[in-house]
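Undergrad: build me a structure from this.
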Amino acid sequence: MQLEDKIYIAGHRGMVGSAILRKLQAEGFTNFALRTSAELDLRRQTEVEEFFRREQPDYVFLSAAKVGGILANNTWRAEFLYDNLQIQNNVIHSAWQYGAKKLLFLGSSCIYPKLAPQPLKEESLLTGLLEPTNEPYAIAKIAGIKMCDAYRSQYGFSAISVMPTNLYGPNDNYDLQSSHVLPALIRKFHEAKRSGAPNVTMWGTGSPLREFLHVDDLADACYFLMQHWDEPGFLNVGTGTDLSIKDLALMIRDVVGYTGDIIHDTTKPDGTPRKLMDVSRLHSLGWHHSIELEEGIRSVYETLVDTRPYSWV
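TA: Presented below is the predicted three-dimensional model:
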């Protein structure tokens, strides 16, 4: 990548896309082709084709997606499948059609079978049944990986796929109806502290194990891989360490400074028992994360309190 290259970040106002934009700007890139979802509906093929015909970006970071936690994935199953398939089909095809030098497709660790051996190795893809609660989203992301590989095989298009673990960081979603577990817990503990509530209820038993990566580390990995990796298949991006949801809740409670109790609503689903990424292939290329979990959560929470202490919009 050269500083004068034109770069399109699909989803540049989301958590991942905005982190990639910050990273590239910090590296000195200024030539961006950016559109909001109101300006360009990536689900509409004709709109996407016209955008690529006009702009013809050199590099594409495909971070736009319909995302959410267990409740959102399990409630809006058709939307998660349809919207994500449309977005990635249109962007990948148009990027190839209009001469992009390279595309990076971002997926999710939910592509792996529910009971795949831990830690999750890239070769475990399609070796078992998916977690039912987020199966539509997972199927869409698997299709995206295979589409990148197919366009590489048939057309010689340089399209790479990156599968990050659970993410958190600036511009996260704190809506309790659609957020992931980490931001949801931050909001719950913060509001309980403000209101003086004696306890906070969290979903499930707290026993599932999860891995979390700060989105700024993901952006750094994407920048690194766009320059140094060009192979079929996909790469895991994560920290290589995990903790239980209960321990995560205790960590967030301490960071927030809440002193009440934690109650488990065991009528709610736990989801996949464990999702730890094997990141040995990524490490072998020379990339490692730099932000540890408690440090990252503390930074996120302090920024939230400073910038929007009473609003979670």
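Undergrad: list the beta-bridge partners for residue 202.
TA: As for beta bridges, residue 202 partners with residue 264 under DSSP bridges.
Undergrad: that one reaches residue 247, doesn't it?
TA: No. Using Cβ atoms under 8 Å, residue 202 is not in contact with residue 247, being 12.0 Å away. Placement of C-beta: from N, CA and C, glycine included.
Undergrad: helix or strand with the lowest mean pLDDT in the protein?
TA: In the chain, no helix or strand scores lower on mean pLDDT, DSSP states H and E than helix 70-75, which sits at a mean of 79.
Undergrad: list the helices and strands that one packs on?
TA: Of the remaining helices and strands, none touches helix 70-75 by 3 or more Cβ pairs under 8 Å, 6 or more residues apart in numbering; DSSP states H and E.
Undergrad: dump the very next helix or strand once past it to CSV, restricted to CA.
TA: Using DSSP states H and E, the helix or strand that follows helix 70-75 in sequence is helix 77-97. Coordinates of each C-alpha in helix 77-97 appear next as CSV, following Å, rounded to 0.1, in the frame of the first residue of the first chain:
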residue,chain,number,x,y,z
ARG,A,77,-32.2,-14.6,11.7
ALA,A,78,-33.5,-13.7,8.2
GLU,A,79,-32.0,-10.2,8.3
PHE,A,80,-28.6,-11.5,9.5
LEU,A,81,-28.4,-13.9,6.7
TYR,A,82,-29.9,-11.7,3.9
ASP,A,83,-28.2,-8.5,4.7
ASN,A,84,-24.7,-9.9,5.2
LEU,A,85,-24.9,-12.0,2.1
GLN,A,86,-26.0,-9.0,0.0
ILE,A,87,-23.3,-6.7,1.5
GLN,A,88,-20.4,-9.0,0.9
ASN,A,89,-21.5,-10.3,-2.5
ASN,A,90,-21.9,-6.8,-3.8
VAL,A,91,-18.7,-5.4,-2.4
ILE,A,92,-16.4,-8.4,-3.3
HIS,A,93,-17.8,-8.7,-6.8
SER,A,94,-17.6,-4.9,-7.6
ALA,A,95,-14.1,-4.6,-6.1
TRP,A,96,-12.9,-7.3,-8.5
GLN,A,97,-15.0,-6.0,-11.4
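Undergrad: mind listing what residue 111 touches?
TA: 125, 130, 138, 141, 142, 145, 163 (Cβ atoms under 8 Å, 6 or more residues apart in numbering).
Undergrad: hang on, the earlier thing: tell me which of residue 202 and residue 247 has more neighbours.
TA: residue 202 (22 against 13; other Cβ atoms under 10 Å).
Undergrad: all strands for the chain, in order.
TA: With strands called from DSSP state E, the chain shows them at 7-10, 59-62, 102-106, 159-164, 166-168, 199-203, 209-210, 212-214, 234-237, 243-244, 261-265, 274-275.
Undergrad: which other helices and strands contact the second one?
TA: Strand 59-62 sits against strand 7-10, helix 77-97, strand 102-106, helix 215-228, with contacts defined as 3+ Cβ pairs under 8 Å, 6+ apart.
Undergrad: to residue 294, which of the ones you listed lies closest?
TA: helix 215-228 (14.3 Å; Cβ to Cβ).
Undergrad: where does the stretch 201-313 of the chain dip in pLDDT?
TA: 308-313 (pLDDT under 70).
Undergrad: which residues touch stretch 250-263?
TA: The contact list for stretch 250-263 (Cβ under 8 Å, 6+ apart) reads 182, 185-186, 189-190, 192-193, 197-202, 206, 243, 246, 249, 293-294, 297-298, 301.
Undergrad: how long is it from one end to the other?
TA: 12 Å (Cα to Cα, to the nearest Å).
Undergrad: and that stretch, which residues are buried?
TA: 251, 252, 253, 255, 256, 258, 262 (16 or more other Cβ atoms under 10 Å).
Undergrad: again, but for stretch 142-150
TA: Within stretch 142-150, the residues that count as buried by 16+ other Cβ under 10 Å are 142, 143, 144, 145, 146, 147, 148, 149.
Undergrad: give me the average confidence score over it.
TA: Taken as a whole, stretch 142-150 has an average pLDDT of 98.
Undergrad: give me every residue that touches residue 204.
TA: Counting by Cβ under 8 Å, 6+ apart, the residues that residue 204 touches are 245, 264, 265, 266, 268, 269, 270, 271.
Undergrad: same thing but at 10 Å, please
TA: Counting by Cβ atoms under 10 Å, 6 or more residues apart in numbering, residue 204 makes contact with 70, 181, 245, 246, 264, 265, 266, 267, 268, 269, 270, 271.
Undergrad: what's the answer for residue 103, then?
TA: Neighbouring residues of residue 103 by Cβ under 10 Å, 6+ apart: 8, 10, 57, 59-62, 91-92, 94-96, 148, 151-152, 157-161, 226.
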